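Novice: For reference, the sequence and a predicted model appear below.
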Amino acid sequence: MANLIIVCGPHAVGKMTVAESLRDKLRYNMMMNHDSIEVSDRIFGFATPAQKEFNEAFREKTFELAVKYDVDLIFTYVCAFEELEEREYLNRLKDMFEQNGGSFFFVELSADLETRIARNETPHRMERKASKKDLAWSRENLLKAARQYRLNSNENEIWFENHLKIDNTNLEPDQVADQVIEAFHLIPNEKDEKEYRFGV
């Protein structure tokens, strides 16, 4: 019975570092949205039809295998809350895990734009996400997405029973992770480190 934790929020809000903290505290496995993006970009080029299809297939197979082998998983994701397709996609993931006896948790992070612009240039972010090393492009991509999409839910907008909203502007990743664990009463797995973070 695998659980799925979605860590959602706008670009450079801190999804990766919060997810890494949750991974280490809970001994859950983790897939960043950029894991599939970076691999598919290297093979098929940026934003090509083949890249987009491979990116989608990579993620779909990961979720399928997590359910099949009872692997608790954390996934970071950027959601455009104004688009119906986003809610349908997330509900499909929720159903996939819950129908197999697991649980679905949705953690939504928010931070002010100034904070996100600063976090966009951290060495750890660039180390883990090759596409972010072009700082001028990455900054413009962040600002464009902020203009074009609604990347956080509205104040009273709750999509799921287990939907936790956290403003992490002034919080460290470990503080956010502790809030998530406490709110959802999550219990760490008993796993060797190599089983959930091998080579990371």
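Specialist: That came in fine, so what should we check first?

Novice: Now do the closest residue to Arg119 other than its chain neighbours against Glu121, distance only.
Specialist: Take Arg119 and drop its neighbours on the chain: the residue closest to it by C-beta to C-beta, 6 or more residues apart in numbering is Ala12, 4.5 Å away. All C-beta atoms are positioned from the backbone trio N, CA, C, and that covers glycine. Separation of Ala12 from Glu121 (C-beta to C-beta, to the nearest Å): 9 Å.

Novice: Leu26 now?
Specialist: Leu26 sits 29 Å away from Glu121, going by C-beta to C-beta.

Novice: between these two, which one's more packed in?
Specialist: The residue with more neighbours, out of Leu26 and Glu121, is Leu26; 22 against 13, by other C-beta atoms under 10 Å.

Novice: Work out the gap between stretch 112-125 and the centre of the chain.
Specialist: On the basis of C-alpha atoms, centre = their mean, to the nearest Å, stretch 112-125 sits 16 Å off its chain's mean C-alpha point.

Novice: One more: stretch 162-173?
Specialist: In this view, stretch 162-173 has its centroid 13 Å away from the chain centroid, taken as C-alpha atoms, centre = their mean.

Novice: my guess is Phe54 meets Ser40, correct?
Specialist: Yes. Using C-beta atoms under 8 Å, Phe54 is in contact with Ser40, at 4.3 Å.

Novice: between those two, which one's more packed in?
Specialist: A count of neighbours by other C-beta under 10 Å puts Ser40 above the other of Phe54 and Ser40, at 23 against 18.

Novice: following the helix or strand containing that one, which helix or strand shows up next?
Specialist: Ser40 belongs to helix 33-44 when assigned by DSSP states H and E. Using DSSP H and E, the next helix or strand after helix 33-44 towards the C-terminus is helix 49-68.

Novice: how about the helices in the chain?
Specialist: 15-26, 33-44, 49-68, 84-98, 113-119, 123-128, 135-148, 173-184, 193-197 (DSSP state H).

Novice: Between helix 173-184 and the first one, find me the angle.
Specialist: In other words, helix 15-26. Put simply, helix 15-26 runs at 60 degrees to helix 173-184, going by axes from the mean of the first three to the mean of the last three C-alpha atoms, to 10 degrees.

Novice: Put the alpha carbons of helix 15-26 into PDB.
Specialist: Presented in PDB, the C-alpha positions along helix 15-26 are these (Å, rounded to 0.1, in the frame of the first residue of the first chain):
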ATOM      1  CA  LYS A  15       9.500  22.200  -3.400                       C
ATOM      2  CA  MET A  16      12.700  20.300  -3.900                       C
ATOM      3  CA  THR A  17      14.300  21.100  -0.600                       C
ATOM      4  CA  VAL A  18      11.100  20.500   1.300                       C
ATOM      5  CA  ALA A  19      10.700  17.200  -0.600                       C
ATOM      6  CA  GLU A  20      14.300  16.200   0.300                       C
ATOM      7  CA  SER A  21      13.700  16.900   3.900                       C
ATOM      8  CA  LEU A  22      10.500  14.800   3.900                       C
ATOM      9  CA  ARG A  23      12.400  12.000   2.100                       C
ATOM     10  CA  ASP A  24      15.100  11.900   4.700                       C
ATOM     11  CA  LYS A  25      12.700  12.200   7.700                       C
ATOM     12  CA  LEU A  26      10.100   9.600   6.400                       C
END
